[in-house]
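Asker: quick one, structure for this:
(2 chains)
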Number of protein chains: 2
Amino acid sequence: MTGRDTRKSGEFELIARYFAPLAARSTGAFGLEDDAALYQPEPGRDLVLTKDAIAAGIHFLPSDPYDLVAQKLMRVNLSDLAAKGAVPRGYLLAVAWPEAVTESDVALFAEGLAKDQDIFGIGLLGGDTVKSLGPAVFSLTAIGDVARGGMVRRSGARAGDAIFVTGTLGDAALGLKAAQGELEISSLVHRRALIQRYRLPQPRVSIGTGLSGAASAGIDISDGLASDLTHLCAASKLRARISQSALPLSEAARAAVKKDAGLWPSIYSGGDDYELLFTAGDEAAPRLEMLARGSGVPITRIGYVEEGTPEVLMEDLNGKSAALEAGGYTHF
Amino acid sequence: MTGRDTRKSGEFELIARYFAPLAARSTGAFGLEDDAALYQPEPGRDLVLTKDAIAAGIHFLPSDPYDLVAQKLMRVNLSDLAAKGAVPRGYLLAVAWPEAVTESDVALFAEGLAKDQDIFGIGLLGGDTVKSLGPAVFSLTAIGDVARGGMVRRSGARAGDAIFVTGTLGDAALGLKAAQGELEISSLVHRRALIQRYRLPQPRVSIGTGLSGAASAGIDISDGLASDLTHLCAASKLRARISQSALPLSEAARAAVKKDAGLWPSIYSGGDDYELLFTAGDEAAPRLEMLARGSGVPITRIGYVEEGTPEVLMEDLNGKSAALEAGGYTHF
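Answerer: Residues are numbered from 1 along each chain as shown, chains lettered A, B, ... in the order given. The predicted model follows:
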């Protein structure tokens, strides 16, 4: 943790108290007491690197508890690594705290990171902590590795490959609507389950690390199935054909769309799923079955890719096919 | 460049237009069109990783030109790598733009990065671009490598090693005073030179990469000589003895302290030098001479380390020795 205006004694103490313990399992972090971290790559492995940032008021609410914010930051990055088939190894962190930050905020943030370090078996390597005159901004660089040449790209799909997704779709989008009071879910259990999926992503790390060598292409679903499958199609120069009836739904989401079919777009265009979307040939079937069984997370075939204009055609519940809009809105 | 709320069409276009060209020389960046970057470590090399963040209003002025801001961000990180003896290889970037950002701001920022990519021979690997409700916050993760086991640590100094610094000290601190109107420098050439040293650090990359295997310990001077040498002493568990008369000064700084001896603390306690501070044994002399000649940047012996309480004793211009305060102030 380095940089002028940040190495001052108060911040030194906070780093020593809350962040240095997070670096204890990373031998190359030197207790955050050097200028940089050392990482010794294992021979025969490629590194996979990803970096996501989140800002208060944009990606989370200033009132959100900092442990959940930290976990979300960690998990969106781990989801990217998982989609590439990489085993997570460590991370660097940059935190820009608002002026009104308290020590208990910092402690809670570190607590969230500590929880996820234990769950995902990684450690802090280094980073920086600064003050901002505005709301909090956090960024995290996650480092993973794969066998040489084994990174799963967006561009590797071959015509005829099946399209798979992990877990269930649309829960987070429905959970956000429910949390914002835009959607009434009468079952408290369902309501809670959906909101939880929005608040805390579950990156599919154990499945992801098994996809290297098995999936021909992959991406994680952060912007919604329609949008991210369109990205995969564009990179692979293929058309996707999927079936609405095949989309995997949780019990809560199933009940919601049964009550109001107008919620279907939340399933295939809503964001924040953090499920893995990938293509694979028939030969991968035994491996995928093993991964689903081992993780307890379903892997569902939702369609296939074919030669054609890069787009997503979905056969709806009435048997009619139409192109899905990639969706998304513009900040700029 | 990934992450929900950031992949939207307007930002996609800005990434394609301004950031993708920066990634052209990094084959593992895939034109910023995948979820993560691929980095294939060279066999027998260790990776060195560092991540610094800067926030508008704290580390730079909101009115500072964005190309200089980008270069400063890049260079503070490259300075950390240099202090560790690492060859810079690539970087990931997270930018949180204020709402009022314009396309020309983004273009100028990218222009600054492009300039430094050419100067330092590195390329963009990936990252994220988001909006913030507050002022801009930027963070950069720089990746370098060294021969296995060759990273220069803060902790490796041995009693009897000489202490060296690159370049000249205090220019940036004096330049900041001059820019803020707190210091009058009558020579316009001197004034300009000092302010330029504050505005744009010169990371000592070529000397740094030669220090692996030659320096016993090292750190870059970002918080001022007194503070950073204290860090090195603490990590190495040794006392430093330096001589004020040996400190290397630019012509401009020399003139300033000659006129007003009260400016001396800016030389040894001012920050933003981004010079390298390192220790080495006698056997390193030929290598250091070669590095100084090759880079055109002086390397000056300012003292030595010895057994004793970790602190910095400076013999002043009157021959009296006293402990230097590490200095620095507290944000929290």
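
Asker: does A:Val146 count as helix, strand or coil?
Answerer: Counting by DSSP: H, G, I helix; E, B strand; the rest coil, the backbone at A:Val146 sits in strand.

Asker: that one: how many residues sit nearby?
Answerer: Residues lying near A:Val146 (other C-beta atoms under 10 Å in any protein chain shown) number 22. For glycine as for every other residue, the C-beta is placed from the backbone atoms N, C-alpha and C.

Asker: would you map the strands across the stretch 201-332 of chain A?
Answerer: A:217-221, A:239-243, A:275-280, A:299-306, A:312-315, A:321-323 (DSSP state E, counting those that start in this stretch).

Asker: wait, which of these is closest to chain B?
Answerer: Closest to chain B of the strands of the stretch 201-332 of chain A, according to C-beta to the nearest C-beta: strand A:217-221, at 5.9 Å.

Asker: does chain B sit close to that closest one?
Answerer: Yes - using C-beta under 8 Å from any C-beta of the partner chain, we find that strand A:217-221 touches chain B at A:Ile219, A:Asp220.

Asker: show the average pLDDT along that strand.
Answerer: When pLDDT is averaged over strand A:217-221, the result is 98.

Asker: circling back: now the strands of the stretch 201-332 of chain A as JSON lines including mean neighbour count?
Answerer: Shown next, in JSON lines, are these (neighbours: other C-beta atoms under 10 Å in any protein chain shown):
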{"stretch": "strand A:217-221", "mean neighbour count": "27"}
{"stretch": "strand A:239-243", "mean neighbour count": "21"}
{"stretch": "strand A:275-280", "mean neighbour count": "28"}
{"stretch": "strand A:299-306", "mean neighbour count": "20"}
{"stretch": "strand A:312-315", "mean neighbour count": "20"}
{"stretch": "strand A:321-323", "mean neighbour count": "12"}
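
Asker: take these and write them to JSON lines, including distance to A:Ser206.
Answerer: JSON lines is the format used below for the strands of the stretch 201-332 of chain A (distance: least, C-beta to C-beta, whole Å):
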{"stretch": "strand A:217-221", "distance to A:Ser206": "14"}
{"stretch": "strand A:239-243", "distance to A:Ser206": "25"}
{"stretch": "strand A:275-280", "distance to A:Ser206": "11"}
{"stretch": "strand A:299-306", "distance to A:Ser206": "12"}
{"stretch": "strand A:312-315", "distance to A:Ser206": "27"}
{"stretch": "strand A:321-323", "distance to A:Ser206": "34"}
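
Asker: among those, which is nearest B:Gly167?
Answerer: strand A:217-221 (45.4 Å; C-beta to C-beta).

Asker: what's that closest one packed up against?
Answerer: The contact analysis (3 or more C-beta pairs under 8 Å, 6 or more residues apart in numbering or on different chains; DSSP states H and E) places strand A:217-221 against helix A:66-83, helix A:225-236, strand A:275-280.

Asker: run the angle between the second one and strand A:217-221 for me.
Answerer: Read that as helix A:225-236. Orientation of helix A:225-236 against strand A:217-221 (axes from the mean of the first three to the mean of the last three C-alpha atoms, to 10 degrees) gives an angle of 150 degrees.

Asker: contacting residues around helix A:225-236?
Answerer: Here helix A:225-236 makes contact (C-beta atoms under 8 Å, 6 or more residues apart in numbering or on different chains) with A:153-157, A:163, A:165, A:169, A:217-222, A:239-240, A:242, A:247, A:267-269, A:271, A:273, A:277, A:279, A:305, A:310-312, A:324-328, B:7, B:33-34.

Asker: where does pLDDT dip in the stretch 1-150 of chain A?
Answerer: A:1-9 (pLDDT under 70).

Asker: one more: the stretch 201-332 of chain A?
Answerer: Checking the stretch 201-332 of chain A against pLDDT under 70 turns up A:327-332.

Asker: so who does A:Ile199 touch?
Answerer: Heads up, residue A:199 is Arg, not Ile. Neighbours of A:Arg199 in contact, by C-beta under 8 Å, 6+ apart: A:Leu68, A:Lys72, A:Gly175, A:Ala179.

Asker: try it again with 7 Å
Answerer: A:Leu68 (C-beta atoms under 7 Å, 6 or more residues apart in numbering or on different chains).

Asker: so how many other residues sit close to the residue of chain A found nearest chain B?
Answerer: Here the residue of chain A nearest chain B is A:Gly134; by C-beta to the nearest C-beta that distance is 1.3 Å. Look at A:Gly134: counted by other C-beta under 10 Å, it has 22 neighbours.

Asker: A:Gly112 touches A:Ala70, doesn't it?
Answerer: Yes - in this structure A:Gly112 lies within contact range of A:Ala70 using C-beta atoms under 7 Å: 3.3 Å.

Asker: which of these two has more neighbours?
Answerer: Using other C-beta under 10 Å, the more surrounded residue of A:Gly112 and A:Ala70 is A:Ala70, with 24 against 20.

Asker: can you tell me how far A:Glu283 is from A:Val152?
Answerer: 15 Å (C-beta to C-beta, to the nearest Å).

Asker: who's more crowded, these two?
Answerer: A:Val152 (29 against 8).

Asker: can you show me the helices along the stretch 1-150 of chain A?
Answerer: A:9-14, A:66-83, A:103-120 (DSSP state H, counting those that start in this stretch).

Asker: could you dump stretch A:315-327 to PDB, C-alpha only?
Answerer: This file holds the C-alpha atoms of stretch A:315-327, laid out as PDB (Å, rounded to 0.1, in the frame of the first residue of the first chain):
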ATOM      1  CA  GLU A 315     -37.800 -19.400 -29.500                       C
ATOM      2  CA  ASP A 316     -40.500 -18.100 -27.100                       C
ATOM      3  CA  LEU A 317     -43.100 -20.200 -25.100                       C
ATOM      4  CA  ASN A 318     -45.400 -20.200 -28.200                       C
ATOM      5  CA  GLY A 319     -42.700 -21.600 -30.400                       C
ATOM      6  CA  LYS A 320     -42.000 -18.300 -32.300                       C
ATOM      7  CA  SER A 321     -38.400 -17.200 -32.800                       C
ATOM      8  CA  ALA A 322     -37.300 -13.600 -32.600                       C
ATOM      9  CA  ALA A 323     -34.000 -11.800 -32.200                       C
ATOM     10  CA  LEU A 324     -33.300 -10.600 -28.600                       C
ATOM     11  CA  GLU A 325     -32.300  -7.000 -28.100                       C
ATOM     12  CA  ALA A 326     -28.900  -6.800 -26.400                       C
ATOM     13  CA  GLY A 327     -30.300  -4.100 -24.200                       C
END
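
Asker: contacts only, for A:Leu124.
Answerer: Contacts of A:Leu124 (C-beta under 7 Å, 6+ apart): A:Phe19, A:Leu22, A:Ala23, A:Ser26, A:Ala29, A:Tyr91, A:Leu93.

Asker: surely the first one meets A:Ala110?
Answerer: Right, the one you point to is A:Phe19. Yes - with contact defined as C-beta under 7 Å, A:Phe19 reaches A:Ala110; the gap is 6.3 Å.

Asker: returning to what we had before: which members of the contacts of A:Leu124 are classed as buried?
Answerer: Using 16 or more other C-beta atoms under 10 Å in any protein chain shown as the burial test, those include A:Phe19, A:Leu22, A:Ala23, A:Ser26, A:Ala29, A:Tyr91, A:Leu93 as buried.

Asker: leaving out chain neighbours, which residue sits closest to the fourth one?
Answerer: Here the nearest residue to A:Ser26 in space, its sequence neighbours aside, is A:Gly123; by C-beta to C-beta, 6 or more residues apart in numbering or on different chains that works out to 3.7 Å.

Asker: what's the neighbour count on the one you found?
Answerer: Neighbour tally, A:Gly123, other C-beta under 10 Å: 17.

Asker: gap between A:Leu174 and B:Arg25?
Answerer: 43 Å.

Asker: so between the two, which is more surrounded?
Answerer: Ranked by neighbour count (other C-beta under 10 Å), A:Leu174 and B:Arg25 place A:Leu174 first, with 30 against 14.

Asker: the closest residue to A:Ala36 other than its chain neighbours: how many residues sit nearby?
Answerer: Leaving aside its sequence neighbours, A:Ala36 sits nearest to B:Thr50 (C-beta to C-beta, 6+ apart; 3.9 Å). Burial measure for B:Thr50: 32 neighbouring residues, criterion other C-beta under 10 Å.
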